[in-house]
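S.K.: Based on what follows, work out the 3D shape:
(one chain, ligands or ions: 1)
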Amino acid sequence: MTPAETAPPAPPELADLRAAALQGARPPARDGLVVCENLVRIFRTGPAGRPGGVEVQALQGLDLVVAEGELLAVVGSSGSGKSTLLSILAGLDRPSAGTARVAGTDLAALGRRARTEYRRRTVGVVRQQTGRNLLPYLTARENVQLPLGYAGLARAKRPPRAAELLDLLGIGRLAHRRPAELSGGEQQRVAIAVALANEPRLLLADEPTGELDTATAAEIFAALREANRELGVTVLVVTHDALVSEQVRRTVRIRDGRTSTEVLRRRADEGERAGSHGLVGQEYAVLDRVGRLQLPREFTERLALRDRVRLLLEADHIGVWPDQTEGEGTEG
Ligand SMILES: Nc1ncnc2c1ncn2[C@@H]1O[C@H](COP(=O)(O)OP(=O)(O)OP(=O)(O)O)[C@@H](O)[C@H]1O
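M.R.: Numbering: from 1, shown residues only. Below you'll find the model as predicted:
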């Protein structure tokens, strides 16, 4: 046998990517794949420069760092700024002030060409409306092949690559169906495959389970976790559904355009207070660069904390008490 005959067949590109992700071969972003510092987005409505216009501060100095390879949920009530953050990270909108950097790219400074290139190569986006993610007249396989073509992949390589992505998301057997012949959950999994086709470093999902029932939503999160684990892609999901924190390790809450608290879940056996349950959640407050901290409303209400609180620095923690000097004139 000649060496050429003994050589194994060239592996498909997805397998290369998977191996690279497992070995950490992609150069990791130094200070986080996503870095937002003091991010501000102001919308002005009404006629420019004329009275009567209204200013809306959708993001009010948001800080967020997402490490490469993380799967993170950003939660917040309606109007808290989630979609605004996602549009900026997707390269669809620009910050009014502050920094938004993804994979070293400063999103505030991008020109038109570089912005198109960024959207094509660095990020993939999945939207809430299942119907808007896919072309109705193409099959699942053809929908995935389309961005592979835009990315310049040779025509012959597109079908196997699309098949591999659909397999990864557990819908390989449905590759020949059109969106109307798929359930909402199946359509979203095709949409994830489409968003992953250009091998993005960051996958952004805007309420990807908003139109789905709880069981199907859990399946979508399982598919996102699989993509995250197998391909090493960093995944950021925004949603108003606080229950999402059961599906991901880290959940960051946005309140009034800034990050306020985080819930980190870890396996019970990772911590010293290991219980018999699989995962335990721990709530954290986010401390910004200048030392500001937003306490969860439930905490402040329970202890009637307002206006001014008493702080005490201990060896390994800081105590916070209601201000009991009110009306006394001096602090005791
Ligand atoms: N293009 C715009 N022009 C004016 N105001 C806007 C614009 N886009 C968003 N806003 C405002 O900015 C704030 C944040 O909106 P955003 O859509 O980011 O919130 P959200 O958390 O995604 O809400 P939802 O969960 O309802 O989608 C809201 O007060 C919204 O009305």
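S.K.: Stretch 173-186: which residues count as buried?
M.R.: 174, 175, 177, 179, 182, 184, 185, 186 (16 or more other C-beta atoms under 10 Å). For glycine as for every other residue, the C-beta is placed from the backbone atoms N, C-alpha and C.
S.K.: Format those residues as JSON lines; extra columns: distance to the ligand and pLDDT.
M.R.: Listed next are those as JSON lines, based on distance: C-beta to the nearest ligand atom, whole Å; pLDDT from 0 to 100:
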{"residue": "174", "distance to the ligand": "30", "pLDDT": "94"}
{"residue": "175", "distance to the ligand": "32", "pLDDT": "94"}
{"residue": "177", "distance to the ligand": "30", "pLDDT": "96"}
{"residue": "179", "distance to the ligand": "23", "pLDDT": "93"}
{"residue": "182", "distance to the ligand": "25", "pLDDT": "93"}
{"residue": "184", "distance to the ligand": "19", "pLDDT": "89"}
{"residue": "185", "distance to the ligand": "21", "pLDDT": "90"}
{"residue": "186", "distance to the ligand": "24", "pLDDT": "92"}
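S.K.: can you tell me how far residue 113 sits from residue 120?
M.R.: Counting by C-beta to C-beta, to the nearest Å, the gap from residue 113 to residue 120 is 11 Å.
S.K.: which of those two has more neighbours?
M.R.: Between residue 113 and residue 120, counting by other C-beta atoms under 10 Å, residue 120 is the more crowded of the two (16 against 8).
S.K.: The closest residue to the more buried one other than its chain neighbours: neighbouring residues, count only.
M.R.: Of all residues not flanking residue 120 in the chain, residue 198 sits nearest, at 6.2 Å (C-beta to C-beta, 6 or more residues apart in numbering). Residue 198 has 18 neighbours, counted by other C-beta under 10 Å.
S.K.: Quick check: residues of the chain near the ligand?
M.R.: Contact residues (C-beta under 6 Å from any ligand atom) of the chain with the ligand: 43, 45, 56, 58, 76, 78-84, 240.
S.K.: Give me the local confidence score for residue 108.
M.R.: According to the prediction, residue 108 has pLDDT 91.
S.K.: oh, and call the first residue 36 from now on, that's how I've got it
M.R.: All right, first residue 36 from here; so that's residue 143.
S.K.: Show me the strands in this protein, by range?
M.R.: With DSSP state E as the criterion, the chain has strands at 69-80, 89-101, 106-110, 132-137, 140-141, 158-161, 237-241, 269-274, 285-290, 293-302, 314-320, 344-348, 353-357.
S.K.: Comparing those strands, which yields the minimum mean pLDDT?
M.R.: For the strands of the chain, where the average pLDDT is lowest is strand 314-320, sitting at a mean of 66.
S.K.: Which pair in the residues of the chain next to the ligand has the greatest spatial separation?
M.R.: Largest separation among the residues of the chain next to the ligand by C-beta to C-beta: 80 and 275, giving 22.7 Å.
S.K.: out of these two, which sits in the more crowded spot?
M.R.: Taking neighbours as other C-beta under 10 Å, residue 80 and residue 275 compare with residue 275 leading, 14 against 10.
S.K.: Now for the nearest residue to residue 175 once chain neighbours are set aside, how many residues are close by?
M.R.: For residue 175, ignoring the flanking residues on the chain, the nearest one in space by C-beta to C-beta, 6+ apart is residue 225 at 4.5 Å. Counted with other C-beta under 10 Å, the neighbours of residue 225 add up to 27.
S.K.: just the one 4 residues further on next, same as before
M.R.: Here the neighbour count serves as a burial measure; for residue 229 (other C-beta under 10 Å) it reads 25.
S.K.: Mind putting the buried residues of stretch 208-221 into CSV with distance to residue 126?
M.R.: Formatted as CSV, the buried residues of stretch 208-221 follow (distance: C-beta to C-beta, whole Å):
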residue, distance to residue 126
209, 31
210, 29
212, 31
214, 26
217, 29
219, 27
220, 28
221, 28
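S.K.: contacting residues for the residue nearest to residue 155?
M.R.: 155, 156, 159, 182, 183, 185, 186 (C-beta atoms under 8 Å, 6 or more residues apart in numbering).
S.K.: Let's see the pLDDT reported for it.
M.R.: pLDDT at residue 233 comes out at 89.
S.K.: Now it, what are its backbone angles?
M.R.: Residue 233 adopts backbone torsions of phi -90, psi 20, taken as degrees, to the nearest 10.
S.K.: Distance-wise, check it relative to the ligand.
M.R.: 25 Å (C-beta to the nearest ligand atom, to the nearest Å).
S.K.: Closest one to the ligand out of the contacts of residue 233, please.
M.R.: residue 159 (19.1 Å; C-beta to the nearest ligand atom).
S.K.: Now for the closest residue to the closest one other than its chain neighbours, how many residues are close by?
M.R.: With sequence-adjacent residues excluded and distances taken as C-beta to C-beta, 6+ apart, residue 159 is closest to residue 230, at 3.3 Å. Residues near residue 230, counting by other C-beta under 10 Å, number 24.
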